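Colleague: predicted model and sequence below, questions to follow.
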Amino acid sequence: MNKKFTRLIKLKLMTKENACKLGALSLALGLTFNASASAININHSPVATKELKRPLADIVIRGIIKDETGTPIPGASVKVKGSLAVAATDVNGAFSISVPSESSVLIISYVGYEPKEVTVGNQKNIAVSLVPSSNALEEVAVVGFGTQRKVSLIGAQSTINSKELKQPVASITQSLAGRIAGVVGVQRSGEPGRSTADIWIRGIATFSGSSAPLVLVDGVERSISSIDAEDIESFTVLKDASGTAVYGVRGANGVIIVKTKTGKVGKPAIFFDYNEGISTFVRHPQSLDGVTYMNLANEALTARGQAAKYSQDYINKTASGADPLVYPNVNWMDELFDKYSSTRRANLNASGGVENAQYYVSLAYYN
């Protein structure tokens, strides 16, 4: 029915029902009609068909994502801007994603790095390098015998700012208590040279052996009490099994990881720190003198029906003080302890170096 034709149809009566039928027929056959008082003129007008454009096939883009050192980044997100298409990189940092056109833009992001937008264009393989975010955590946590960015470390961990450890104490272990959640410090003696506190992380996990945590200083196991707070750059405590699994049974009581300061390229820098303090008893215990003690001891013995330990003559001679060598009456609290004591702490360190060699030297004094 591509040919145009015109046909004249005469109707005796143009009713409403006939008009509806004629309208439906014209729509189905693609006809047009003009009705007059005595006839209907029907014309065939071909329906314009709209040519449909076949959608273009998606473009498959492949690529690899690396960090600033050239190491592949697994788990990075690759998203097509303005759509829901998302892909993630594999363990080798590689990805594959379909985009609708060459003008599509890929948004590449990863935790701790600045996101980057890349226009596809005529590229089929894309290599992207991400740079660390300026807002990311700058701390570095030591894991096992290496280092890792704190943001990528899994497990319960706590980090102390080295400035918080700079306290006028004989051992750094005395300044840990109350500064880290789950860490308990108990000082059992104040004897000079034995002022190191016992450290427990989340309680005591082993009862048959040592309950002390594993302490690593620059990757080497050693005592933490011999380190001056001025020499510490980072202080990290690993608490749970996921964080200490790399250490095996040695990490059953938790792990304390210390990274000391190192020299930096530049001119020699010398730092000296000195502080002095005064300490005294918060509560001074009151003791009995010799005469009062002997009288109370005799009273207690006689009350139980026993003979008195000290004779009255011995008590009288002690009270008179006539012969203090034979009958001494000494207040040992006053003899052993002063009302005030002073503490002195000094630290001197020097650092510097060139590109191929750096140095850091430290000397500490505590009295």
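Modeller: Perfect, I can see it now. Fair warning: this is a prediction, and the values are worked out from it, not measured in the lab.
Colleague: and the helices in the chain, which stretches?
Modeller: 16-29, 241-244, 290-303, 312-320, 332-336 (DSSP state H).
Colleague: least reliable of these by average pLDDT, please.
Modeller: Per-stretch mean pLDDT for the helices of the chain is lowest at helix 16-29 (a mean of 58).
Colleague: count of neighbours near residue 200?
Modeller: 19 (other CB atoms under 10 Å). No exception for glycine: its C-beta is placed from N, CA and C like everyone else's.
Colleague: number of nearby residues for the closest residue to it other than its chain neighbours?
Modeller: Nearest residue to residue 200 in three dimensions, chain neighbours excluded: residue 184, at 4.6 Å (CB to CB, 6 or more residues apart in numbering). Residue 184 has 16 neighbours, counted by other CB under 10 Å.
Colleague: OK, contacts around residue 184?
Modeller: Shown in contact with residue 184 (CB atoms under 8 Å, 6 or more residues apart in numbering): 177, 199-201, 203.
Colleague: same thing but at 10 Å, please
Modeller: Under the criterion of CB atoms under 10 Å, 6 or more residues apart in numbering, the contact list for residue 184 reads 176-178, 197-204.
Colleague: what about the residue nearest to residue 118 when sequence neighbours are not counted, distance to residue 117?
Modeller: Closest residue in space to residue 118, ignoring its immediate chain neighbours: residue 106 at 4.8 Å, by CB to CB, 6+ apart. Per CB to CB, to the nearest Å, residue 106 is found 7 Å from residue 117.
Colleague: which residue of the two possesses the greater neighbour count?
Modeller: Shown here are residue 106 and residue 117; by other CB under 10 Å, residue 106 has more neighbours (23 against 11).
Colleague: so how far is stretch 106-116 from its chain's centroid?
Modeller: 20 Å (CA atoms, centre = their mean, to the nearest Å).
Colleague: cool, stretch 123-137 as well?
Modeller: On CA atoms, centre = their mean, the centre of stretch 123-137 falls 22 Å from the chain's centre.
Colleague: in the stretch 51-200 of the chain, which spans are strands?
Modeller: 59-66, 77-80, 86-88, 94-99, 105-109, 116-119, 125-129, 140-143, 146-149, 157-160, 183-186, 198-201 (DSSP state E, counting those that start in this stretch).
Colleague: next, residue 182: phi, psi?
Modeller: Backbone torsions of residue 182, given as degrees, to the nearest 10, read phi 90, psi 0.
Colleague: number the residues from 50 up from this point.
Modeller: Done: numbering now begins at 50, and the last item shifts to residue 231.
Colleague: for residue 302, see how far away it is.
Modeller: Counting by CB to CB, the gap from residue 231 to residue 302 is 12 Å.
Colleague: nearest residue to residue 278 in space, please, no chain neighbours.
Modeller: residue 214 (4.2 Å).
Colleague: contact partners for that neighbour?
Modeller: Taking CB under 10 Å, 6+ apart as the criterion, residue 214 is in contact with 221, 224-225, 228, 276-279, 281, 284, 307.
Colleague: so how far is residue 252 from it?
Modeller: The value you get for residue 214 to residue 252, if CB to CB is used, is 23 Å.
Colleague: again, but for residue 226
Modeller: Taking CB to CB, one finds residue 226 at 14 Å from residue 252.
Colleague: these two: which has the busier surroundings?
Modeller: Counting neighbours by other CB under 10 Å for residue 226 and for residue 252 shows that residue 226 has the greater number, 15 against 10.
Colleague: ok, the more buried one - contacts?
Modeller: 232-236, 246, 248-249.
Colleague: low-confidence stretches in this structure?
Modeller: 50-106, 183-206, 217, 238-244, 254-258, 292 (pLDDT under 70).
Colleague: okay, now the domains of it?
Modeller: If you go by automatic domain parsing, the domain ranges for the chain are 55-93, 108-178, 189-309, 315-330+390-415, 339-385.
Colleague: about what we covered before: by neighbours, which of the contacts of residue 233 wins?
Modeller: residue 250 (26 neighbours).
Colleague: quick one, what contacts that one?
Modeller: Residue 250 neighbours (CB under 10 Å, 6+ apart): 205, 207, 229, 231-233, 260-263, 286-289, 293, 300, 302-305.
Colleague: please repeat the previous calculation with a cut-off of 6 Å.
Modeller: Shown in contact with residue 250 (CB atoms under 6 Å, 6 or more residues apart in numbering): 232, 262, 288, 303.
Colleague: now list the buried members of those.
Modeller: Buried subset of the contacts of residue 250 (neighbour count, 16 or more other CB atoms under 10 Å): 232, 262, 288, 303.
Colleague: distance to residue 149 added to those residues, as a markdown table?
Modeller: As requested, the buried ones among the contacts of residue 250 are exported to a markdown table (distance: CB to CB, whole Å):
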| residue | distance to residue 149 |
| --- | --- |
| 232 | 55 |
| 262 | 56 |
| 288 | 49 |
| 303 | 53 |
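Colleague: let's see which of those end up in strands.
Modeller: Of the buried ones among the contacts of residue 250, the ones assigned to strands by DSSP state E are residue 232.
Colleague: ok, the buried ones among the contacts of residue 250 vs residue 160, which is closest?
Modeller: residue 288 (22.0 Å; CB to CB).
Colleague: so how far is residue 149 from residue 132?
Modeller: Distance from residue 132 to residue 149, counting by CB to CB: 7 Å.
Colleague: so for the two, which sits in the more crowded spot?
Modeller: residue 149 (16 against 11).
Colleague: tell me the contacts of the more buried one?
Modeller: residue 107.
Colleague: list phi and psi for it.
Modeller: phi -70, psi -30.
Colleague: with residue 273 instead?
Modeller: The phi/psi pair for residue 273 (degrees, to the nearest 10) is phi -80, psi -20.
Colleague: how about it: what's its closest non-neighbour residue?
Modeller: residue 264 (4.9 Å).
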